[in-house]
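**Student:** Quick one: sequence plus predicted model below, questions after.
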Number of protein chains: 2
Amino acid sequence: MKIDPNSSKDLSAQIAQAIRDAIVAGDLIVDQRLPSEAELADHFEVSRPTVREALKRLAAQSLIRTQRGATGGAFVNRLRFEEAYDQQVTTSTLLLSMNAVSFDVACEARYALERACAPLSAARRTPDQLATMRAEIHRQSQPGLTDEAFCASDVTFHRALVDGAGNKVLSYQLAGAVEAMQPLMNMITFTARSREAIVALHTDIADALQAQDAAKTDASLVELAAYTRKLAHTVVSARAQKEHASR
Amino acid sequence: MKIDPNSSKDLSAQIAQAIRDAIVAGDLIVDQRLPSEAELADHFEVSRPTVREALKRLAAQSLIRTQRGATGGAFVNRLRFEEAYDQQVTTSTLLLSMNAVSFDVACEARYALERACAPLSAARRTPDQLATMRAEIHRQSQPGLTDEAFCASDVTFHRALVDGAGNKVLSYQLAGAVEAMQPLMNMITFTARSREAIVALHTDIADALQAQDAAKTDASLVELAAYTRKLAHTVVSARAQKEHASR
DNA sequence: GATAGTTTAAATGTCAGACATTAATATGTA
DNA sequence: TACATATTAATGTCTGACATTTAAACTATC
């Protein structure tokens, strides 16, 4: 592990990169202990605070974990799908909001990805996942549910659909797409009638998955995508109308 | 922004979380300058190095950028799709290698996601993207190409296919899936005959996209997925055979 | 008065050394 | 043997200082 003394970047950034490269290349393997901060400081010929800044960068990416005490130190962390979810969702959410991604574009991406799961999910969904979907459908039918709670339930429903594919990589990749949409969905006001329509489509999807009918699942997803988009357009134009009237 | 004095976590982790929350919630907007390190240290009642560790954590996630000099400081960074790619690819690559994800699972996820793009790409692919695909097909036909270069070209080809959908969110979500596969693909030795078969399928895909034929694009992708998986199985069983013979 | 050069100030980047806290291990004692 | 107590090695945190960078204020010259 070496750093370039002529680089313009921060020393802590360079050191973090050097260690990161070693991990990705497999030179440092899971659960292996890194040298102590003092040893790293010696090795890279920098001070301990600088080494610490580098280690915190890696910790922020869940690449290492640290332990205090006599046999403590920094250890290469086994990156788990569950931990990686959080980061992906945070990143995706910010990407959408900071780049002013339109509802249509995000919606298109989300449903395209979900449709990719549909045939696999129809073949493999477990009774457990079906039960989750039914439970969420039931929750969504309850009157007096806030819009936020309705959206959250929607996310859980779709997560179950995606997890039904029984492919951890797919689930991971899609978690970001589905959950990142939530803030955008939260902008929509769901009327009783629109909730009813969504619940009906969710029921269609659950029925199709239960019957292991891939084609019907896909068709229902397409319908739901179209309906969601229509709903969003209604909200947007209603808001524009109001904006216009107030001027 | 407040931190919990009774938390067991690192102060720097708590401070990073507090600032991160403020960014996600929109309390800190893009390009807004954070208080100086000294001011943050005062606010959270910690020392400057602790604040710095927190800021480095945020910098590692590209949530902030720092500038030196008189008008310098830490600024909320506009997260761009291009920057987010890198992190996603690194994370996805490590997820696959550290969790011993099988070739089959990764391959299934990859092609399921690519197939989700196919109809959109058939409708929207630009001449530019078609040209990229043709160029990569040509490169892949050249004899004397190393396996690594062949894989790299394969990634470029598929990236063009995905970008053809003209949906930034889709491109972002799929970059990880496609590129993270590369280390797994690199384990395969591509014979002249298997390269020929892959090039033929790539040509089919490019032809179908050029003709804007979604169904044919999808069919060719399915064929390519099946062929890739078969190829990997051949390699794995050949390796097992060799292992057995050597004992 | 405009322009070029110089100084200043404010911020991050880096360092050195110290002390606090944690947790495993070794040690000593009933 | 079992339990309590030191030891020790590591991370976590603090203080204070200096180095470096950069924009802006200032100054001198034309």
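**Tutor:** Okay, I see it. Residues are numbered from 1 along each chain as shown, chains lettered A, B, ... in the order given.

**Student:** Quick one: name the residues of chain A near DNA strand C.
**Tutor:** For chain A, the contact set with DNA strand C under Cβ under 7 Å from any atom of the strand comprises A:10-12, A:45-50, A:53, A:67-72. All C-beta atoms are positioned from the backbone trio N, CA, C, and that covers glycine.

**Student:** And those residues, which of them are buried?
**Tutor:** A:D10, A:L11, A:S12, A:V46, A:T50, A:E53 (16 or more other Cβ atoms under 10 Å in any protein chain shown).

**Student:** coming back round to it: between the residues of chain A next to DNA strand C, which is nearest chain B?
**Tutor:** Nearest to chain B out of the residues of chain A next to DNA strand C is A:E53 (Cβ to the nearest Cβ; 4.5 Å).

**Student:** What sits closest to that closest one if chain neighbours are left out?
**Tutor:** A:S12 (3.7 Å; Cβ to Cβ, 6 or more residues apart in numbering or on different chains).

**Student:** Which strand or helix spans the one you found?
**Tutor:** In the assignment (DSSP states H and E), A:S12 maps to helix A:11-25.

**Student:** and that helix, which residues are buried?
**Tutor:** A:L11, A:S12, A:A13, A:Q14, A:I15, A:A16, A:Q17, A:A18, A:I19, A:R20, A:A22, A:I23.

**Student:** Between which two of those is the distance greatest?
**Tutor:** A:L11 and A:I23 (18.8 Å; Cβ to Cβ).

**Student:** so where do the strands sit in chain A?
**Tutor:** A:64-67, A:73-76 (DSSP state E).

**Student:** Which one, of those, ends up nearest to A:S92?
**Tutor:** Per Cβ to Cβ, nearest to A:S92 of those: strand A:64-67, 23.7 Å.

**Student:** Pull up the pairing partners for the closest one, direction included.
**Tutor:** strand A:73-76 (antiparallel) (DSSP bridges).

**Student:** From A:S7, how far off is the residue lying closest to A:L40 once chain neighbours are set aside?
**Tutor:** Closest residue in space to A:L40, ignoring its immediate chain neighbours: A:V51 at 4.6 Å, by Cβ to Cβ, 6+ apart. For A:V51, the distance to A:S7 (Cβ to Cβ, to the nearest Å) stands at 16 Å.

**Student:** neighbour-wise, which of the two wins?
**Tutor:** A:V51 (27 against 11; other Cβ atoms under 10 Å in any protein chain shown).

**Student:** got the contact list for the more buried one?
**Tutor:** Neighbouring residues of A:V51 by Cβ atoms under 8 Å, 6 or more residues apart in numbering or on different chains: A:S12, A:I15, A:E37, A:L40, A:A41, A:F44.

**Student:** Backbone dihedrals for the residue in chain A that DNA strand C sits nearest to, please?
**Tutor:** Nearest residue of chain A to DNA strand C: A:G69, at 2.2 Å (Cβ to the nearest atom of the strand). Here is the backbone geometry of A:G69 (degrees, to the nearest 10): phi 100, psi -180.
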